[in-house]
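> Have a look; sequence and predicted model below, questions after that.
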Amino acid sequence: MYSSVDVMWTLIGAALVFFMQAGFALCESGMTRAKNTGNIIMKNLMDFSIGTPAYWFVGFGIMFGGSGALIGGFDPFIRGDYDFGSLPVLCYVIFQTVFCATAATIVSGSMAERTNFKAYCLYSAMISLVVYPISGHWIWGGGWLSSLGFHDFAGSTAVHMVGGVAACVGAKILGPRIGKYGKDGKARAILGHNLTAAALGVFILWFCWFGFNGASTVAMSTDADMLSASRIFMNTNMSAAVATCTVMIFTWLRYKKPDVSMSLNGALAGLVAITAGCDMVTTTGAFFIGLFAGIALVLAVEFFDNVVKIDDPVGAISVHGVCGAFGTILTGVFAEEGGILYGGGFHFFGVQVLGVVSVIAWVAITMTIIFTVIDKLVGLRVPAEVEIEGLDYHEHGLVSAYAGFNITDMSTGMEVNENTDLGEDNYVKATDQQINAAVPVTRTEAVGGNQTGMYKVSIIAKHSRYELLKSELNKIGITGMTVTQVMGCGIQKGAGEKYRGVEMDINVLPKMKLEIIIGNVPLDKVIETAKKALYTGHIGDGKIFVYDVQKVVKVRTGEEDFAALKDVE
């Protein structure tokens, strides 16, 4: 007899877990560079699209098609007899399929921005066909870990740690992105291009995690089911929230400012860590699991970046691998039944540790073999020129994932690292002697004289001064100008800011370049007006360059020189 309540509960949970693919796509693309956005979207899309038929073909049978200690059975296309209680077979199949796809897509972020797309598709098929189903059978399909009493309710180890270890192996074999490490071996920050997308991805994942954990009861028809689901929802949310707060405070103390992207990772770390024991621990236990997961996340990101030098653009190894293992082991500490803190001794804890170590060994060995073979067959990494120019164009023929959009906003007022004070806030009081004393410059004598009386004035300045500068120039009769966005730096090459625990060695900063041609407005007046509008008293206020203009031609009328500069048509 099937239960309509159980079936609907499980199917809704499956839909929520499927929607996690959207969260992963947004999170990963936002934390990487814009030139690779299309490639990341394709990888997330293909993880699910390749994984679904692969898992249907043999994966599900290997995982649930028998009660062997190491492997279930070989049941192509799921033709065997299965009994999943109040659920139809296909209801359970689709629920397990979306979990398989989640394990596969975790790897995408760690191998981002330098992986051959053909190679990635081959990997995606192999993890869904063999790697995930075998370790999944040990834990959920009646295998040897299950018989020992190993507990992983919704997949801290079975799903997340499997994906995290595979990501670690893949990223290690690939090597770091070009420019990630300097000649001295020191890690360099490579900033993601869209934290808004990353944040939206995290909120989607947090929302969908209620289905990931809550619907893993695969039942909602009895009072016991309702109590269990309520506990799971509460624990899931508590761990995520506490981990996020922990990472915010920890990075605030460690880096002097709360790290945004690391805090986003913190939410996921808490979600991953609680997934194993969300049905066995109290709310207090969930609080401490989230707390420890937050600390572990920050230390793990620093470890992989700075010690073992595995380049993980989105922190997937730390979030899913480290916190998945950590949460599974902590279940042996905080579980009400069998946990160390509840008088259960060390037996259950030891089983949890054994399970984690065994799955790490299985995934590390098999994925090393798989990635090595793929590398020999089609090449795992793209050529350097492809990586530099971006995978979107070379791998997918996509000029930009943002065609029609301007990624950098002129009105943001961005002032990255421009925080070195010259010692004077007042423009009038800031004499040339004061500025030159603070910032030594080399002057070059001008060569020749202006013969036409026309000049091109090029101004490099902060975005935040654009509106004021434009307004002041308009007041003195300058109405025509060309404005572009540029990247550059003068003496302000960085001031020790950190991104994900790595000091940002920023050689170029976002600036605006405003260009005008003048002939009827005195040059000195233009320069003085610009200086007053741009001055803040801080290094990075900008530069003004003046060039002689030999000739100006208005294309429509054929007018030249001063006549061409007039606004009257």
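Arrived safely.

> Helix or strand next in line after the helix or strand bottoming out on mean pLDDT in the chain, which one?
Lowest on mean pLDDT, DSSP states H and E among the helices and strands of the chain sits helix 432-438, with a mean of 46. Using DSSP states H and E, the helix or strand that follows helix 432-438 towards the C-terminus is strand 455-461.

> Show me how far that following strand is from its chain's centre.
37 Å (CA atoms, centre = their mean, to the nearest Å).

> What lies in contact with it?
469, 486, 488, 511-519, 523, 526-527, 530, 534, 541-549 (CB atoms under 8 Å, 6 or more residues apart in numbering). For the C-beta atoms, the positions are set from N, CA and C on the backbone; glycine is no exception.

> Now intersect those with the helices, please.
Counting by DSSP state H, the part of those found in helices is 469, 523, 526-527, 530, 534.

> Name the nearest of those relative to residue 179.
The closest of these to residue 179 turns out to be residue 534 (CB to CB; 31.3 Å).

> where do the strands sit along the chain?
Under the criterion DSSP state E, the chain carries strands at the ranges 455-461, 482-488, 498-499, 502-503, 509-518, 543-548.

> Export the fifth one to PDB, keeping only CA atoms.
Read it as strand 509-518. Output of strand 509-518 as PDB, limited to C-alpha atoms (Å, rounded to 0.1, in the frame of the first residue of the first chain):
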ATOM      1  CA  LEU A 509      42.000  49.400  -9.700                       C
ATOM      2  CA  PRO A 510      38.700  50.300 -11.300                       C
ATOM      3  CA  LYS A 511      38.800  53.900 -12.600                       C
ATOM      4  CA  MET A 512      37.000  56.200 -15.000                       C
ATOM      5  CA  LYS A 513      38.700  58.100 -17.800                       C
ATOM      6  CA  LEU A 514      37.000  61.300 -18.900                       C
ATOM      7  CA  GLU A 515      38.300  62.900 -22.100                       C
ATOM      8  CA  ILE A 516      37.500  66.400 -23.400                       C
ATOM      9  CA  ILE A 517      38.700  68.600 -26.300                       C
ATOM     10  CA  ILE A 518      38.900  72.300 -25.500                       C
END
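
> and of the strands of the chain, who's closest to residue 93?
For residue 93, the closest of the strands of the chain is strand 498-499, at 42.2 Å, according to CB to CB.

> Could you check how far that closest one is from the centre of its chain?
For strand 498-499, the distance to the chain centre is 14 Å (CA atoms, centre = their mean).

> next one: stretch 11-26
Using CA atoms, centre = their mean, the offset of stretch 11-26 from its chain centre is 17 Å.

> Show me what counts as buried in it.
By neighbour count with 16 or more other CB atoms under 10 Å, stretch 11-26 contains the buried residues 11, 13-14, 16-18, 20-21, 23-26.

> Stretch 289-307 now?
Within stretch 289-307, the residues scored as buried using 16+ other CB under 10 Å are 289-298, 300-305.

> Could you list the low-confidence segments of the stretch 401-550 of the chain?
Low-confidence segments of the stretch 401-550 of the chain (pLDDT under 70): 404-450, 489-497, 504-509.

> wait, the chain
404-450, 489-497, 504-509, 567-569.

> can you rerun that using 80?
403-451, 463-464, 479, 487-510, 538-540, 565-569 (pLDDT under 80).

> for it, which helix is longest?
Longest helix in the chain, counting residues (DSSP H): helix 223-255.

> List the buried residues for it?
So for helix 223-255, counting by 16+ other CB under 10 Å, buried means 225, 228-229, 231-232, 235-248, 250-251, 254-255.

> out of everything not next to it in sequence, what's closest to residue 336?
residue 342 (5.5 Å; CB to CB, 6 or more residues apart in numbering).

> show me what contacts residue 181?
By CB under 8 Å, 6+ apart, the residues touching residue 181 are 187-188, 309, 311.

> Pick out whichever of these sits closest to residue 165.
Of all those, residue 311 has the smallest distance to residue 165: 16.4 Å, by CB to CB.

> Burial check on the closest one, number of neighbours?
22 (other CB atoms under 10 Å).

> Would you quantify the distance from it to residue 178?
10 Å (CB to CB, to the nearest Å).

> got the end-to-end distance for stretch 454-472?
20 Å (CA to CA, to the nearest Å).

> Stretch 128-148 now?
Its first and final residues considered, stretch 128-148 spans 25 Å by CA to CA.

> What of stretch 452-463?
Termini of stretch 452-463 sit 32 Å apart (CA to CA).

> in that stretch, what's buried?
Using 16+ other CB under 10 Å as the burial criterion, the residues of stretch 452-463 that qualify are 454-455, 457, 459-463.

> what's the closest of the strands of the chain to residue 110?
Between residue 110 and the strands of the chain, the shortest gap by CB to CB is with strand 502-503, which sits at 16.0 Å.

> picking that back up, present the strands of the chain as JSON lines; the columns should include distance to residue 561.
Below are the strands of the chain laid out as JSON lines (distance: least, CB to CB, whole Å):
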{"stretch": "strand 455-461", "distance to residue 561": "12"}
{"stretch": "strand 482-488", "distance to residue 561": "19"}
{"stretch": "strand 498-499", "distance to residue 561": "50"}
{"stretch": "strand 502-503", "distance to residue 561": "51"}
{"stretch": "strand 509-518", "distance to residue 561": "10"}
{"stretch": "strand 543-548", "distance to residue 561": "13"}
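
> and the residue nearest to residue 336, how many neighbours?
For residue 342, the neighbour count with other CB under 10 Å is 17.

> for residue 166, same thing?
Neighbour count for residue 166, taken as other CB under 10 Å: 32.

> which ones are touching it?
Contacts for residue 166 (CB under 8 Å, 6+ apart) come out as 103, 106-107, 123, 127, 131, 363, 367.

> 10 Å - rerun?
Contacts here follow CB atoms under 10 Å, 6 or more residues apart in numbering; on that basis residue 166 touches 103-104, 106-107, 110-111, 123, 126-127, 131-132, 316-317, 320-321, 363-364, 366-368, 370-371.

> now the residues you listed: which count as buried?
Neighbour counting with 16+ other CB under 10 Å marks 103-104, 106-107, 110-111, 123, 126-127, 131-132, 316-317, 320-321, 363, 366-367, 370-371 as buried within the contacts of residue 166.

> And the longest helix of the chain, how far out from the chain middle?
With CA atoms, centre = their mean, you get 21 Å for helix 223-255.

> rewinding a little: from residue 525, how far out is the residue nearest to residue 336?
Taken as CB to CB, the span from residue 342 to residue 525 is 80 Å.

> can you check residue 47 too?
From residue 47 to residue 525 the distance is 61 Å (CB to CB).

> More neighbours: the two, which one.
Legend: neighbour count by other CB under 10 Å for residue 47 and residue 525, higher for residue 47 (29 against 13).

> That one touches residue 98, doesn't it?
No. Counting by CB atoms under 10 Å, residue 47 does not reach residue 98; the two are 11.1 Å apart.
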